[in-house]
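> sharing a model that was predicted from the sequence below.
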Amino acid sequence: MNRQLSRLAIVAVVLLVALVVATTYWQTWAAGGLQDRQDNAVELVAQFQVARGLILADNGLTLLAANRRVRRNGQTLYFRRYPTKGLAAQTVGYSTSARTQTGLEESLNDYLTGANTNLSNAFHRTLEQIGGATVRGNNVVLTLNPAAQELALQQLGDRCGAVVAMNPRTGAILTMASSPTFDPNLIDKPGGYAKIVKIKGACGDGSALLNNATAGLFTPGSTFKMVTAAAAIDSGAFTPTSIFHDPGYCTEYGKKVSNAGNPDQKGPEAFGTVTLAQGFQHSINSVFCNVGMKIGAATILEYAKRFGFYSTPPLETPANERAPSGLYYNRKIEYPKHPNTAVDPGRLAFGQEHLAVTPLQMLLVASTIANGGVVPRPYLVKKIIGPDGSTVRATKPDNLGRAIKPQTAADLTQMMISVVQAGTGTAAQIPGIQVAGKTGTAETNVNGVYTAWFVAFAPADDPKVAVAVVIEKQLNGFGGAVAAPIAKLVLEKLLHG
Amino acid sequence: MIGVAAFAVTLLAFRRDYRVLENYKYLFGLGAVALLFMPLLPGIGETVNGARLWVHAGPFQIQPGELGKIALIVFLAAYLREKREVLAQGRVKDWGPLLVIWGAAMLLLFVTDDLGSALLYYGIFLALLYAATARLSFVAVALGLFLAGSAAVYQGTPHVRERVTNWLHPWTTHKVFCPLSGTMTLRQDCTSYQEVQSLYSIAHGGYGGTGLGAGTFTNTQGHQLIPYLNTDFIYSALAQELGLAGASALLLIYMVFVLRGFRVSLLAGDGFSKLLAAGLTFGFALQTFIIVGGILRVIPLTGITLPFVSYGGSSIVSNFLLLAGLMLVSHRANTEVAGG
């Protein structure tokens, strides 16, 4: 009988081993998927037992996200609160009690809840938990400057648009304001979400939840001339002193493409004989139209790609809250198979055609020029600090590769200085500091209503801050008049404090 | 405490020779059947969580099936010891009592709506049948009969069908009819809620667990998240608080217990002792597998208790009796080895 008994013993042990295997499966491989499920009541409660990490502005003092501590039924629960309300609502995002998250609250969730495990902190965490200590998340210090952020939002008012600023040398994002904005404290209140969705801004169809700075797509208009000029000079086809004749229009496919009209003038302006630099300074469409036809759409798009177009810019926010810039056909980004035949090079050259860009992308173009031709890698998180005060992670500035030669960047900087000194962007002048910039006034499908842009950096000889401002649906609103003054104020705030 | 008392009394009562039990085997057989079917009696029987396994006795609520299990093992060990040679020859007339047991198991499954208990009793029966006759073909035939019977029961009883559906598809993406509320909801919010939340509880434990006493089992208002957490679902609570490390450690202890139990059975001198020890041990392992396997979605979930861990009087008493039985067999085996 002993042989049978031994076999039964093996069967019994195999049954128990199967249980160890199944337990391992649910607690390791399958655990992540289960924890992310919306109907997970255990995680729903457990989230309140964790003292979620704070999110702080660059000064380490301004609390963008903090906790409200409540004792209930013998449990200590932590509920999220946002002391600065709409100041950086889209970037910081929110974390609701139903466990929907957006922005950095979503993408940094593991750090904020202290679940970023490596072997040593998993061990410490377990030890602390056995000791009954509250789980504390890591605090996140951002690169955002709260004063500039507030100023930008105040300047935007209820108009739809965005202001983004960064240190062009490092890629640290100093301002990321999106308007209209919302108070994330409302999210968990009854009917709060519906209220937020109803916020439309002055443009009538804005969305408070959308981060305009990284996901808002706007026609770049003349700010795209930075890319065209970079392609023209860097490819060797033109120099800043190349001569053009401007009759007030350029002829493309046998038709006239006119320059922009000035509100105080009847009909489009005509500048006569000008250099490429002057064409840039006064934002003459016919000059760029001719540049586009000469170098072709393929070259322009190739340079655009070098600046980061056609890829989602890297940033710590969730990928679905960032959009790539480029040519959009039926709301889908597309790189044409045969750009030189499929794309109108003249209109592409001055930023119309089917171009749609994010403010962050245009900021990257200006920052690249400021940074001597190398594209900085944008980042929002300065450092992550553990509950014990140690630095868990500190961001090291990085770049995304060289887009243009240093000499091209220097030429473009000179051209951008002349825009602010005596061109379309004089409203951005700051006494004692040389500002380099480019205006943009993009046509919309309504006559006389424009998307106003200004992209700039300062000081021009040693750039410390670059900024991009965009405001939607401005009646007769030219970039130089509407956006440049805001860019100037934000630059001043960030340079002087 | 009652468990320890039962343990001590059993040890004392049979300190000289537990083998007298063999003489009363039919009494045990009848007793087992009586205990197993007791919850069906009108007036004292009670349905809890969809399965009819409980009996009121004054202020007490007991699960007689737990004691019935031990009685059944004693009966089977005695009966099979006596009939093993004849059974092995495979004459049809000797199969009568065994077919009766199969019928009883099926009937039990059908009337109590509890797949777990039926699986447990029948599994013990099969194990002992194999141990006694060494005929795998018997086991195969019996297993086939069980599966055929289960399939029929599956068709016939909604409760069992629901358990199997919850096992195969605990999550739905579209709304299905919820018999509990009579409305259309997602299955994870209705019939499979318990299973699914229990898996969430296990997943929340991760490697190291949340720590003893620090698990999350109530909502922010203090209400229980998982019904029957302390009895049927004790393993999911344990796995959350102790994590993979603790849960595996518990299962390893069970494994050691099972191996020791079979060692006792191997060393025992007579057939009855061998079968008794093996039956008790295998029953212990199988019961653990059925409940924990159900929680872990290895098999459909059934409501039986986890030996020694679940909070429940009947279960604890019966497990201490089981332990006492093993110790008696072990003691006798040791004495015989020493004496011989």
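Everything's here; your move.
> going forward, measure contacts and count neighbours with C-alpha atoms only.
Fine.
> tell me the pLDDT at B:Ile2?
With respect to pLDDT, B:Ile2 scores 70.
> if I look at it, how far off is chain A?
For B:Ile2, the distance to chain A equals 28 Å [C-alpha to the nearest C-alpha, to the nearest Å].
> and B:Ala6, by the same measure?
26 Å.
> what's in contact with the helix or strand hosting that residue?
B:Ala6 belongs to helix B:2-13 when elements are defined using DSSP states H and E. Here helix B:2-13 makes contact (C-alpha atoms under 8 Å, 6 or more residues apart in numbering or on different chains) with B:Gly313, B:Ile316, B:Val317, B:Ser318, B:Asn319, B:Phe320, B:Leu321, B:Leu323, B:Ala324, B:Gly325, B:Leu328.
> could I have the CA atoms of that helix written out in PDB?
C-alpha atoms of helix B:2-13 as PDB (Å, rounded to 0.1, in the frame of the first residue of the first chain):
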ATOM      1  CA  ILE B   2     -13.400  23.800  22.400                       C
ATOM      2  CA  GLY B   3     -11.100  22.600  19.700                       C
ATOM      3  CA  VAL B   4      -8.300  22.000  22.200                       C
ATOM      4  CA  ALA B   5     -10.700  20.300  24.600                       C
ATOM      5  CA  ALA B   6     -11.900  18.000  21.800                       C
ATOM      6  CA  PHE B   7      -8.300  17.300  20.900                       C
ATOM      7  CA  ALA B   8      -7.400  16.400  24.500                       C
ATOM      8  CA  VAL B   9     -10.600  14.300  25.000                       C
ATOM      9  CA  THR B  10      -9.900  12.400  21.800                       C
ATOM     10  CA  LEU B  11      -6.300  11.700  22.800                       C
ATOM     11  CA  LEU B  12      -7.400  10.500  26.300                       C
ATOM     12  CA  ALA B  13     -10.300   8.300  25.100                       C
END
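> what's the following helix or strand after it?
helix B:25-37.
> which strands and helices lie in contact with that following helix?
Packing partners of helix B:25-37 (3 or more C-alpha pairs under 8 Å, 6 or more residues apart in numbering or on different chains; DSSP states H and E): helix B:64-89.
> and the helix it packs on, what does it pack against?
Applying 3+ C-alpha pairs under 8 Å, 6+ apart, one finds that helix B:64-89 contacts helix B:25-37, strand B:51-57, helix B:115-133, helix B:271-295, helix B:313-339.
> does the fourth one pack against any helices or strands, and if so which?
Meaning helix B:271-295. helix A:2-24, helix B:64-89, helix B:115-133, helix B:193-205, helix B:234-267, helix B:313-339.
> list the contacts for B:Leu251?
B:Leu251 touches A:Leu16, A:Leu19, A:Val20, counting by C-alpha under 8 Å, 6+ apart.
> try it again with 10 Å
A:Leu16, A:Val17, A:Leu19, A:Val20, A:Thr23, B:Phe257, B:Thr288, B:Val292 (C-alpha atoms under 10 Å, 6 or more residues apart in numbering or on different chains).
> tally of neighbours for the first one?
To tie it back to what came earlier, the one meant is A:Leu16. Neighbourhood size, A:Leu16 [other C-alpha atoms under 10 Å in any protein chain shown]: 24.
> thinking it is in contact with B:Gly293, fair?
Yes: taking contacts as C-alpha atoms under 10 Å, A:Leu16 lies within contact range of B:Gly293: 9.1 Å.
> circling back to that earlier point, could you export the contacts of B:Leu251 as CSV, including pLDDT?
Shown next, in CSV, are the contacts of B:Leu251 (pLDDT from 0 to 100):
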residue, pLDDT
A:Leu16, 94
A:Val17, 95
A:Leu19, 94
A:Val20, 94
A:Thr23, 93
B:Phe257, 93
B:Thr288, 91
B:Val292, 92
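> in the residues you listed, find the pair that's most separated.
Across the contacts of B:Leu251, the longest distance by C-alpha to C-alpha is 19.4 Å; it joins A:Thr23 and B:Phe257.
> which of these two has more neighbours?
The residue with more neighbours, out of A:Thr23 and B:Phe257, is A:Thr23; 29 against 16, by other C-alpha under 10 Å.
> hmm, that one is touching B:Gly294, no?
No: the pair A:Thr23 and B:Gly294 does not pass the contact test of C-alpha under 10 Å, sitting 11.5 Å apart.
> residue contacts, the residue nearest the centre of chain A?
For chain A, the residue nearest the mean C-alpha position is A:Thr214 (3.1 Å; C-alpha atoms, centre = their mean). Residues in contact with A:Thr214 (C-alpha under 10 Å, 6+ apart) are A:90-91, A:162, A:164, A:176, A:178, A:312-313, A:315, A:317, A:319-325, A:357-361.
> among those residues, name the buried ones.
A:90-91, A:162, A:164, A:176, A:178, A:312-313, A:315, A:317, A:321-325, A:357-361 (16 or more other C-alpha atoms under 10 Å in any protein chain shown).
> who's in contact with A:Val20?
A:Val14, B:Leu244, B:Ala247, B:Ser248, B:Ala249, B:Leu250, B:Leu251, B:Leu252, B:Val292, B:Gly293, B:Leu296.
> could you do A:Val392 as well?
Counting by C-alpha under 10 Å, 6+ apart, A:Val392 has contacts A:Tyr111, A:Asn116, A:Asn138, A:Asn139, A:Val140, A:Lys383, A:Ile384, A:Ile385, A:Gly386.
> same check on A:Phe288?
A:222, A:225, A:228-229, A:232, A:244, A:250, A:276, A:279-280, A:294, A:345-351.
> A:Asn67 in helix, strand or coil?
strand (DSSP: H, G, I helix; E, B strand; the rest coil).
> which residues touch it?
A:Phe48, A:Ala51, A:Arg52, A:Gly53, A:Leu54, A:Leu77, A:Tyr78, A:Phe79, A:Arg80, A:Arg81, A:Tyr82, A:Pro83.
> would you confirm that the first one contacts A:Ala41?
Right, A:Phe48. No: counting by C-alpha under 10 Å, A:Phe48 does not reach A:Ala41; the two are 11.7 Å apart.
> common neighbours of these two, please.
Shared contacts of A:Phe48 and A:Ala41, defined by C-alpha under 10 Å, 6+ apart, are found at B:Asn219.
> from the buried ones among the contacts of A:Thr214, which land in strands?
Among these, the residues falling in strands (DSSP state E) are A:Ala162, A:Val164, A:Met176, A:Ser178.
> now the closest residue to chain A within the stretch 1-150 of chain B. Nearest residue, chain neighbours left out?
Here the stretch 1-150 of chain B gets closest to chain A at one residue, B:Ala131, 5.0 Å apart by C-alpha to the nearest C-alpha. Excluding the flanking residues, the one nearest B:Ala131 by C-alpha to C-alpha, 6 or more residues apart in numbering or on different chains is A:Gln4, at 5.0 Å.
> got the buried residues for the strand or helix carrying A:Thr214?
For A:Thr214, the element it lies in under DSSP H and E is helix A:212-215. For helix A:212-215, a neighbour-count test (16+ other C-alpha under 10 Å) marks A:Asn212, A:Ala213, A:Thr214, A:Ala215 as buried.
> of those, which is the nearest to chain B?
A:Ala215 (29.9 Å).
> show me the contacts for that closest one.
A:Ala215 touches A:Thr312, A:Ala319, A:Asn320, A:Glu321, A:Arg322, A:Ala323, A:Pro324, A:Ser325, A:Val357, A:Thr358, A:Pro359, A:Leu360, counting by C-alpha under 10 Å, 6+ apart.
> lovely, talk soon.
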